[in-house]
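*Asks:* Sequence and predicted structure, then a few things I'm wondering about:
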Amino acid sequence: MEILKGKTGSNPNSPIWRGLGRCVCVLFLIYFPNIIVSQDFSNRGTDFWVGFQGHTDGAVSKFKLYITSDVNTSGTVSVPLQGWSLPFTVVANTITIVQVPSATAYVGCSDCMEQKGIHVVSNDKVAAYAHIYASARSDATLMLPTETFGKEYYAMCFTQETGGQRSEFMVVATEDSTKVQITPKSNTTGGNLANVPFIVTLQQGEVYQVQSNTDLTGSKILVYSNDSSLCKKVAVFSGSTFTSLGCGGSGDNLFEQMYPVNTWGKNFITSPLKTRTGDIFRVMAGANGTTVSINGVLHSLNQTQFFDTLLTVPAYFTADKPITLAEYARTSACDGATGDPFMILLSPLEQTINNVLLYSSPEQDITGEYINIVMKTADVGTCLLDGVAAPFIPVPFKPDYSYSRNTVTAGTHTIVADSGFNAIAYGFGSPESYGYLAGTNIRNLEDQSFTVNPLPACNGSTINFTGTATYVPSSWNWDFGDSTTSVLQNPTHIYADTGTYLVLLVTAYPNGCDVQLDSSTYLLHIFGNAIADFTAPAV
């Protein structure tokens, strides 16, 4: 995610403020409050890109966009490189449905580039969802705005339990001359070998789809460059053309937008799907040596390794390093219930929202509509679903969080709360289903900061700056606020004059993209040295 983020550490109760005075400073100290400059994103935006990936029914399948906003607005849906476009309008707090012609946008090939990227542009912020369906086989995804796209992804699919169908992922380019390095986890049907990287170059609006007869989960998609001028951002979608899931029998396609690695979290609360007797969860690690706890049971994973578990009760997933987590509805033959497979990439507790307007779709052959909500137990009284208090139950292993499972009707729904929540929307038919994340924040959860020592600080004294980051930066760039700079991780600096200085640390992400930056700021006050003086009493 391209983001400029700011943090400060001038809390007078923090360790850096206690017991660190090494010079005699003037006694009148002025405390300057924290200055925080930050920029986070949600799933609402004015620019989106998406692709119509492979489906077992091919070009017979349909592709619809659901677009909503809290204000009246308008915009355009287009497939720019096919010359197709359609204007749309949205009335505040309603849903506008746009069907994109299959002949214009469907991509059914493997290891192939097509000029079929779908572009959504609006005059005001909207939320958008994409739905692929045909012949009682469908799935849907929340769409992320272009500004939240990243440069590093891992595909999440599932085991191909149905012969002749394919695991798949699709890359959508938002800018010209975008180089993408792809490392598939399985041999692809287009002839690329498992674990062997290859590079493709895409122009704006082009898509590249990869398919395999076996599971592609863990495939790496990295915007590749040894030249920062070529560093771009892409969208990635993953899933399957069709698969049974959990047992044999009927199946569905899977379709979900992936989240950039730097937005993955460490804590998740899951809730069972209503009417079903158990759901499959797949957790994947982004780094070697990751320890994951599922209701207290530990699992060790290395980068791109994953673990599947069938759960019938709410669960608390926590990890010591960032993970991604998907929830799957099983094939109806597994429990005899109405429904079929879908995949939802869940949002971590670090990425909650406090209001959402969503659409429960009746497409195709859906007879039951549901919404699950997870939030802190202390705040459940503030949560309203369509203006009515939602019923919550504490999570057994994590009682400070609660979950709510609700039956709703087809159409638009609102969820609002005074504090953050996570929510999913899904529907079941016979045998049919869809599911998607209702909304999310997309904060950059990779982190950096710095400390200043000693504090309080005096002019003419040596000040030690120590930089830290949860990743390995490709560069450290300090601006001490007095026209001097440093490129060391842990520099020292002497201020010649008293005054207030805004210290800035900017680090660059390690993938060669020097426009992908992380920053921290600190308002540092340099005090003057006290001059010893006294007046002797007259004798």
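*Replies:* Arrived safely, thanks for sending. What you see is a predicted model; the values in this text were computed from it and never measured.

*Asks:* Provide a list of residues in contact with K185.
*Replies:* 155, 194-195, 215-219, 304 (C-beta atoms under 8 Å, 6 or more residues apart in numbering). Where C-beta positions appear, they are placed from N, C-alpha and C, glycine not excepted.

*Asks:* Check what pLDDT I373 gets.
*Replies:* pLDDT, I373: 98.

*Asks:* Quick check: bridge partners of it?
*Replies:* S404, A423 (DSSP bridges).

*Asks:* How many neighbouring residues does it have?
*Replies:* Summarising burial for I373: neighbours were counted as other C-beta atoms under 10 Å, giving 24.

*Asks:* any idea how far it lies from T277?
*Replies:* Distance of I373 to T277, computed by C-beta to C-beta, to the nearest Å: 21 Å.

*Asks:* Same question for L358.
*Replies:* 26 Å.

*Asks:* Any quick PyMOL command for the buried ones out of the contacts of K185?
*Replies:* Command for PyMOL, covering only those of these found buried under the criterion 16 or more other C-beta atoms under 10 Å:
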select buried, resi 155+215+216+217+218+219+304
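
*Asks:* if we can go back for a sec, neighbour-wise, which of L358 and T277 wins?
*Replies:* Applying other C-beta under 10 Å to L358 and T277 shows that L358 carries more neighbours, namely 25 against 13.

*Asks:* what's the closest non-adjacent residue to that one?
*Replies:* A438 (4.8 Å; C-beta to C-beta, 6 or more residues apart in numbering).

*Asks:* just C109 next, same as before
*Replies:* Q209 (6.5 Å).

*Asks:* Assign that neighbour to helix, strand or coil.
*Replies:* Here Q209 is strand, with the state taken from DSSP: H, G, I helix; E, B strand; the rest coil.

*Asks:* what sits opposite it in the beta ladder?
*Replies:* C112, M170.

*Asks:* Mean pLDDT per helix and strand in the protein: which one sits at the bottom?
*Replies:* In the chain, no helix or strand scores lower on mean pLDDT, DSSP states H and E than strand 517-527, which sits at a mean of 83.

*Asks:* Show me which positions of that strand end up buried.
*Replies:* Result for strand 517-527 [16+ other C-beta under 10 Å]: buried residues 517-522, 524-527.

*Asks:* ok, now stretch 155-165?
*Replies:* Within stretch 155-165, judged by 16+ other C-beta under 10 Å, the buried ones are 155-162, 165.

*Asks:* Kindly reformat these as CSV containing distance to S238 and secondary structure.
*Replies:* CSV is the format used below for the buried residues of stretch 155-165 (distance: C-beta to C-beta, whole Å; DSSP: H, G, I helix; E, B strand; the rest coil):
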residue, distance to S238, secondary structure
A155, 4, coil
M156, 5, coil
C157, 5, coil
F158, 9, coil
T159, 14, coil
Q160, 13, coil
E161, 17, coil
T162, 17, coil
Q165, 14, coil
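
*Asks:* From the residues you listed, pick the one nearest T56.
*Replies:* Nearest to T56 among those, counting by C-beta to C-beta, is Q165 at 6.0 Å.

*Asks:* which non-adjacent residue is nearest that closest one?
*Replies:* Closest residue to Q165 apart from its sequence neighbours, by C-beta to C-beta, 6+ apart: F242 at 4.2 Å.

*Asks:* what's the distance between whichever strand or helix holds that neighbour and the middle of its chain?
*Replies:* Using DSSP states H and E, the element containing F242 is strand 234-243. From the chain centre to the centre of strand 234-243 is a distance of 16 Å (C-alpha atoms, centre = their mean, to the nearest Å).

*Asks:* Would you state the strands of the stretch 151-300 of the chain in chain order?
*Replies:* 152-154, 167-173, 178-183, 198-202, 207-212, 220-223, 234-243, 252-257, 265-270, 279-285, 290-294, 297-301 (DSSP state E, counting those that start in this stretch).

*Asks:* Tell me which of those lies nearest to D308.
*Replies:* That would be strand 279-285 among the strands of the stretch 151-300 of the chain, by C-beta to C-beta, at 5.1 Å.

*Asks:* Could you check how far F52 is from M258?
*Replies:* Separation of F52 from M258 (C-beta to C-beta): 16 Å.

*Asks:* Between the two, point out the one with more neighbours.
*Replies:* F52 (29 against 23).

*Asks:* per-residue pLDDT, the more buried one?
*Replies:* If you check F52, the pLDDT there is 97.

*Asks:* pLDDT below threshold where in the stretch 201-350 of the chain?
*Replies:* Along the stretch 201-350 of the chain, the model assigns pLDDT under 70 to residues 225-231.

*Asks:* repeat that for 90
*Replies:* Residues of the stretch 201-350 of the chain that meet the criterion pLDDT under 90 lie in 224-232, 244-251, 262-263, 333, 350.

*Asks:* on that earlier part again, surely the residue nearest to L358 and V356 touch.
*Replies:* Yes: under the criterion of C-beta atoms under 8 Å, A438 makes contact with V356 at 5.0 Å.

*Asks:* Could you pull out the residues contacting both of the two?
*Replies:* Residues within reach of A438 and of V356 at once, by C-beta under 8 Å, 6+ apart, are 415, 423.

*Asks:* now, which of the contacts of K185 sits nearest P314?
*Replies:* For these, the residue nearest P314 by C-beta to C-beta is T217; the value is 24.1 Å.

*Asks:* E350 is in contact with L445, correct?
*Replies:* Yes: L445 is within contact range of E350, at 5.7 Å (criterion: C-beta under 8 Å).

*Asks:* list residues touching both of those two?
*Replies:* In contact with both L445 and E350: G265, using C-beta under 8 Å, 6+ apart.

*Asks:* confidence score at the nearest residue to P399 once chain neighbours are set aside?
*Replies:* Excluding the flanking residues, the one nearest P399 by C-beta to C-beta, 6+ apart is T377, at 6.5 Å. T377 carries a pLDDT value of 97.
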